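Visitor: need a structure here:
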Amino acid sequence: MAGNGGRRVRLDDVAAAVGVSPASVSLVLRGAPGPSAETRARVLEAAQRLGYRPDRAASLLARRRSRLIGLLIDVRSPFHADVAEHLQDAAEARGYDLVLSTITRSRGEDRAVETLLDSRCEALVLIGPDAPVARLSELAATVPLVLLCRRLDPPPAPDRPRPDVVRTADESGTALAVDHLHGLGHTAIAYVDGGPGTVAQDRRDGYLRAMTARGLEPRVLPGHGTPPGTEIIGIRAAEALLAEGELPTAVVAFNDRVAVGLLDALARNGVDVPGRVSVVGYDDDPLARMAHVGLTTVGQDTAGLAGRAVEAVVARLDGDRAGAGPEQVLEPYLTVRRTTAPPRPSG
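Guide: Now for the predicted structure:
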């Protein structure tokens, strides 16, 4: 029952020993279809050798429904917290409850998902996961799966399991930001990127297309860093702009946290917002709504996203839908607050 320095052997220990994913190990140990005969033999051998034992309490309850929905959440994200609150309300309204598993600086997606599977969750909801499509397809073969705020690119092969997808039209969101700023008279509009990932790509593409459509010159500042999409990225972007000596009249940020970092660095350097530089964020998280921040931002319908995610889960668990439904895409909105204004006349 113990291994790896005395701690209990986990699914991911068996997976690492065999060279497969924890989801594949779970399929083998549950006798579910999917893995090959060779993989099954290797998994069973490794489980016996390492001394892996499934949770006895879970085994005793295996034939009873838990009515639990597992939610993967980044504990550092105010937007994730906002979505989680709406998911809890929507789940309770349908007779379900949520189990949260967190991503932190030292705890990745695979470990967090394994915790949800060990907790007897009947379905999983993942907010903007970074996992590749092949991994998500593999997980969808194990448990009903809903992706929130991320599209599948490229989509799985037709014969592979596919998760439900409920997301915001992110390209339209950054286009809304450019529309707003251009309507105020801005032409020098920069963008602080969100690094790698499908969501970051969609938001960046929306900005680039909107700028090109208006005959404007794009200016993208890299958003790579650890952790991505955080205040430090906005601070670094502001420092880069200040070092260049020629500030744009407006900046669109990948998300609200990046925008807040940008605002902080500009304020510390005596740059007036919105007098000298207008700033637009993305997500409309609770911090953006605070009076002392007053961030103009692109918002997502968090209640709508949560409600549709729970309905997708219920359709799989309580209805007669065997596979994933069509992708559901919600439109973003723009909330104008105090961080945007017409550009100051030159001279």
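Visitor: Now do the spatially closest residue to Val258 that is not a sequence neighbour against Leu330, distance only.
Guide: Closest residue to Val258 in three dimensions, ignoring its sequence neighbours and counting by C-beta to C-beta, 6 or more residues apart in numbering: Gly234, at 4.1 Å. For every residue, glycine as well, the C-beta is placed using N, CA and C. According to C-beta to C-beta, to the nearest Å, Gly234 and Leu330 sit 26 Å apart.
Visitor: These two: which is more packed in?
Guide: Gly234 (30 against 16; other C-beta atoms under 10 Å).
Visitor: Is the more buried one within a helix or a strand, and which one?
Guide: Using DSSP states H and E, Gly234 sits within helix 231-244.
Visitor: Looking at the nearest residue to Glu231 once chain neighbours are set aside now. What's its pLDDT?
Guide: Nearest in space to Glu231, with sequence neighbours left out and distances taken as C-beta to C-beta, 6+ apart, is Gly261 at 3.3 Å. We have a pLDDT of 96 for Gly261.
Visitor: Secondary structure of Gly261: a helix, I assume?
Guide: Yes: counting by DSSP: H, G, I helix; E, B strand; the rest coil, one finds Gly261 located in a helix.
Visitor: ok, so what distance separates it from Ala306?
Guide: Note on Gly261: its distance to Ala306, by C-beta to C-beta, is 27 Å.
Visitor: quick one: the helices in the stretch 151-300 of the chain?
Guide: In the stretch 151-300 of the chain, helices defined by DSSP state H, counting those that start in this stretch lie at 170-184, 198-213, 231-244, 256-268, listed in chain order.
Visitor: Residues contacting the last one, please?
Guide: Outside of helix 256-268, the residues within contact range by C-beta atoms under 8 Å, 6 or more residues apart in numbering are 77-79, 192, 194, 223, 229-239, 242, 251, 253, 273, 277, 279-285, 287-288, 293, 295, 297, 339.
Visitor: And that helix, how far out from the chain middle?
Guide: Remark: helix 256-268 is offset 21 Å from the chain centroid, using C-alpha atoms, centre = their mean, to the nearest Å.
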